[in-house]
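In: Fold the following, please.
(2 chains)
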Amino acid sequence: MLQYILRRVMLLPLVIFGVTLLIFGMMQMLSPYQLLGLYVKSPEELRNQNLNALIEKYGLNDPIGKKYWNWLTNLAKGDLGYSESANMPVLDALKARFPATLELALFAVVPVVLGGIFLGAVSAVFHNRPLDSFIRIFAVVGWSLPDFVFGLFILMIFYGVLGWFPPGRLGPAAEMIVLSDGWRAFTGMNTIDAILNRNWTVFWDAVRHLIGPVLTLTYLWWAYILRITRSSMLDVMNKDYVRTALAKGVPDATVTRKHVLRNALIPVTTVAGIMVIGLLGGVVIVETVFNYKGLGLLAATAAQQLDYPMVLGTTMFYAFMLVVVNLLVDLAYAFIDPRVRLE
Amino acid sequence: MWKKLVKNKASLFGLCLLVMFILVAIFAPYLAPPKWENEPYRIPRYGWGPEPVPPSAEHPMGLTQGKYDIWYGVIWGTRTAFRVGLIVVGLSSLIGVTIGSISGYFGGKLDEIIMRIVDIFMSFPFLIAAVVFTTVLGKGLNNVMIAMITFYWMNYARLIRGNILAIKEEEFISAAKASGVKDWKIIIRHVLPNTIFPVLIQASMSLGSVVITASSLSFLGVGAPEGYADWGQMVSFSRNWLLGVPGDPLHYWYTVFFPGMAMILFVLAWNLIGDAFRDILDPKIQA
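Out: Residues are numbered from 1 along each chain as shown, chains lettered A, B, ... in the order given. A predicted model of the protein is given here:
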């Protein structure tokens, strides 16, 4: 196991190096003027100075190797440039917005994974019977819904018609409490902070704002988990040890729970890991639709306004996160299924 | 296989939907005659001011924000969807299959290097990578397609590589090698015909989701230019009118409903067929 972990961890710097190379490659398609934002410390610098002098100062006409090294050292220092669209340094904006996206992803993962496994298991147990067909059609329809179309439908019905789940992260009243002096922001995630502050008004308000996006994400992602659970359950159900267990008189429900589901869940873990990554990326659209101020909305706004430092910064952030999550998923998989380690 | 596809009610429905969309795309000039001969993708506007106008005899789906004709946008948007989907899937599977089969067939160091490059490209969430690359290249539908191909080919490369690894050691390949057939000829004549079929099916089935992603970029405002017949943009027009007027929250329902439905049905068609295919091809489920 240790050897496996070492081998996987050793690949990490290589992949991260490749990621920086790819982003730097994309940057080369922009003119030095467009890239200045990545180097300046404040917007005043851009307005008050001669742009050519700035290009000279930050070495944007240097040979490419030197330029790459220069950029990499900036990156290592956490200096990602200044964002015009967010009106602050890119790193600060990322830090401020990350908890919101994480909160949304955490709230979405639970119903997606648990609900998906449950529906998949039911579907497999009732294989080729009406309930199975119904669940599968339900899921394939969800899978086919474009996230922004479904999100807009949800918003129209649950906010426009019923007035239950408004867009945004907090209503004005709760917003006032969060911005007041008495409020201590422990994590930046409103629901958790509200519990720690023992403020139930804010808690319910935050939950109310989360339901719309979570509902959208859940329905769209169910099919993913459901399909894997179903096919892997069907696979396990044909195994000899299941037949043995049934033959010796173990009750159906026990076999399903203990022999089938447990073994069938191994591939589901990998998929769940990949799905967390998908969710973190997929929130871009959902956040835009629900005006939920997280990383995704930040990236989308920046892209519309051609705010290159911010766009490149969020991409880099996402890529690093993805690399790390991928590693964790692989390790978890090796931990759950010993066969993987031996390869 | 066709029989199974037609026998299953869900996939039959999918097939019918798909045929309908193909017909709409072919007969677009008759269903919605263009106002400008040379620019059929430009949606005509009827009037001034932003407010949408409800469906009428003249404009069966109404006019959306900016008085763009929804019917026209939906019909010509079908062509846009097919074009974007076919180009992106076609080119990225061509690139993916080429790189993947080289990697799988030759193996060794070359395979290791190619697979690490694939890992690097895979380190970006697809949508975000497509957004950032489109903004770098400049907004517009062609750049959206280039950006998507750049970050999509790896999926096919991985697929074909896996399949090739599985048949590489078979006797007919060794026999060809031993009799001195050139490598590229072995790949084209013997390896690909035995491995490419599932990849092609996968590729065609991803067409629906590729079209969604392209529409998402238009929705986010980095895709098609304003007024271009594109479903994603038509949906984004509806955002400002979502809440209707006081007392009638569904006042502007048509602005999101028609383009939204077109998109949903289009993707549903592909996914229904894909779902059936997956079951047909999955040997585990046969038992």
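In: CA atoms for contacts and neighbours, from now on please.
Out: OK.
In: Next up, phi/psi of A:Phe126, please.
Out: Dihedral pair for A:Phe126: phi -100, psi 40, per degrees, to the nearest 10.
In: which secondary structure element contains the nearest residue to it once chain neighbours are set aside?
Out: Excluding its sequence neighbours, the residue lying closest to A:Phe126 (C-alpha to C-alpha, 6 or more residues apart in numbering or on different chains) is A:Asp132, at 5.6 Å. Element membership of A:Asp132 [criterion: DSSP states H and E] is helix A:130-144.
In: and what of B:Glu37?
Out: Short version: B:Glu37 belongs to no helix or strand, going by DSSP H and E.
In: burial count for it?
Out: 10 (other C-alpha atoms under 10 Å in any protein chain shown).
In: B:Pro50 too?
Out: By other C-alpha under 10 Å, neighbour count at B:Pro50 equals 13.
In: Ramachandran angles for the residue lying closest to B:Ser216 once chain neighbours are set aside?
Out: Nearest non-adjacent residue to B:Ser216, counting by C-alpha to C-alpha, 6+ apart: B:Gly232, 6.0 Å away. Here is the backbone geometry of B:Gly232 (degrees, to the nearest 10): phi -60, psi -40.
In: now B:Val53
Out: The phi/psi pair for B:Val53 (degrees, to the nearest 10) is phi -120, psi 130.
In: partners of it in the sheet?
Out: Under DSSP bridges, the beta-bridge partners of B:Val53 are B:Leu63.
In: Does it touch B:Gly66 like I think?
Out: No: B:Val53 is beyond contact range of B:Gly66, at 9.7 Å (criterion: C-alpha atoms under 8 Å).
In: what about these two, which has more around it?
Out: Set side by side, B:Val53 and B:Gly66 give different neighbour counts by other C-alpha under 10 Å, the larger being at B:Val53 (22 against 17).
In: Just give me the neighbour total for B:Glu170.
Out: Neighbours of B:Glu170 (other C-alpha under 10 Å): 10.
In: Can you tell me how far it is from B:Phe258?
Out: 53 Å (C-alpha to C-alpha, to the nearest Å).
In: for A:Leu94, same thing?
Out: From A:Leu94 to B:Phe258 the distance is 37 Å (C-alpha to C-alpha).
In: And the pLDDT for B:Pro283?
Out: B:Pro283 is assigned a pLDDT of 57 by the prediction.
In: now the helices for the stretch 151-287 of chain B?
Out: Secondary structure of the stretch 151-287 of chain B (DSSP state H, counting those that start in this stretch): helices at B:153-167, B:171-178, B:183-186, B:192-205, B:207-220, B:231-237, B:253-281, B:283-286.
In: can the longest helix along chain B be found next to chain A?
Out: Counting residues, the longest helix found in chain B (DSSP state H) is helix B:70-106. No: shown here: helix B:70-106 not in contact with chain A (C-alpha under 8 Å from any C-alpha of the partner chain), separated by at least 13.4 Å.
In: Run the angle between that helix and helix B:253-281 for me.
Out: Per axes from the mean of the first three to the mean of the last three C-alpha atoms, to 10 degrees, the angle that helix B:70-106 makes with helix B:253-281 is 30 degrees.
In: what's downstream of helix B:70-106, the next helix or strand?
Out: As the chain continues past helix B:70-106, the following element, by DSSP H and E, is helix B:108-122.
In: Can you give the distance from that next one to the centre of its chain?
Out: Offset of helix B:108-122 from its chain centre (C-alpha atoms, centre = their mean, to the nearest Å): 26 Å.
In: pLDDT (mean, whole number) over it?
Out: Rounded mean pLDDT across helix B:108-122 is 87.
In: Contacts made by it with the rest, please.
Out: With contact meaning C-alpha atoms under 8 Å, 6 or more residues apart in numbering or on different chains, helix B:108-122 is reached by A:15-16, A:18-19, B:99, B:102-104, B:151, B:154.
In: which of those residues lies closest to A:Phe335?
Out: A:Val15 (22.5 Å; C-alpha to C-alpha).
In: Ignoring the adjacent residues along the chain, who's closest to that closest one?
Out: B:Ile120 (5.7 Å).
In: The one you found - how many residues pack around it?
Out: B:Ile120 has 22 neighbouring residues, counting by other C-alpha under 10 Å.
In: and it, how far is that from A:Ile5?
Out: B:Ile120 is 19 Å from A:Ile5, by C-alpha to C-alpha.
In: picking up where we left off before, please identify which of the contacts of helix B:108-122 is nearest to A:Pro167.
Out: B:Phe151 (31.6 Å).
In: burial of that closest one, as a residue count?
Out: Neighbours of B:Phe151 under the rule other C-alpha under 10 Å: 22.
In: Contact partners for it?
Out: Contacts of B:Phe151 (C-alpha under 8 Å, 6+ apart): B:121-122, B:126, B:129-130.
In: tally of neighbours for residue 5?
Out: Went with chain A since none was named. With other C-alpha under 10 Å as criterion, A:Ile5 counts 15.
In: Oops, wrong one, chain B.
Out: Residues lying near B:Leu5 (other C-alpha under 10 Å) number 20.
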